[in-house]
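Provided below for reference: sequence and predicted model.
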Amino acid sequence: MGLFDSLAKNALGGMLGGSKQDPAAMLSGLLNEAGGLQGMMAQFEKAGMGEVFSSWVGTGANQPLTADQMQNAIGADSLQGLAGKLGMNVNTVLPLLTQFLPQVIDKLTPHGHIHENNPSGGQIQSVLTSVISSGLGGLFGGGR
């Protein structure tokens, strides 16, 4: 494991309140509960935010969304379940999910379409590490 991988894992653990749960496994569970990436896309479309989700899958800029929009798309029960697994409050998990889910979806769909509907936990871990490493690299003048 490289320096940035180690820093990323520690940073992610810190952001998640030192949770003993594996964030990649929990995100994988959230995707599986939704029916994979296509199921999650359908949830966002149903909530009127299909265009936002499509921007994450596409090759252009990722459109942002608010925490309320994320909660409407993901669903209160799913968010509560995720927060419970993390041992955190929904109000803590929601901003993290709002910040990182667009980047994770973007990196899981590098060619602008959903190639693999159900990415593995390993793929999700790799993407999370990459997203966090990029953020940490930016703190030190790198990560572009």
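That came through fine. Numbers count the residues shown, from 1 in each chain.

how close does the residue positioned nearest the centre of the chain sit to residue 52?
For the chain, residue 101 is the residue whose C-alpha lies nearest the centre (Cα atoms, centre = their mean; 2.7 Å). Here residue 101 is placed at a distance of 11 Å from residue 52 (Cβ to Cβ, to the nearest Å). (C-beta placed from N, C-alpha, C; glycine too.)

Could you do residue 95 as well?
Per Cβ to Cβ, residue 95 is found 16 Å from residue 52.

the more surrounded of the two?
Neighbour count, other Cβ atoms under 10 Å: between residue 95 and residue 52, residue 52 has more, with 19 against 13.

For the nearest residue to the more buried one once chain neighbours are set aside, give me phi and psi.
Excluding the flanking residues, the one nearest residue 52 by Cβ to Cβ, 6 or more residues apart in numbering is residue 63, at 4.6 Å. Main-chain dihedrals, residue 63, degrees, to the nearest 10: phi -80, psi 140.
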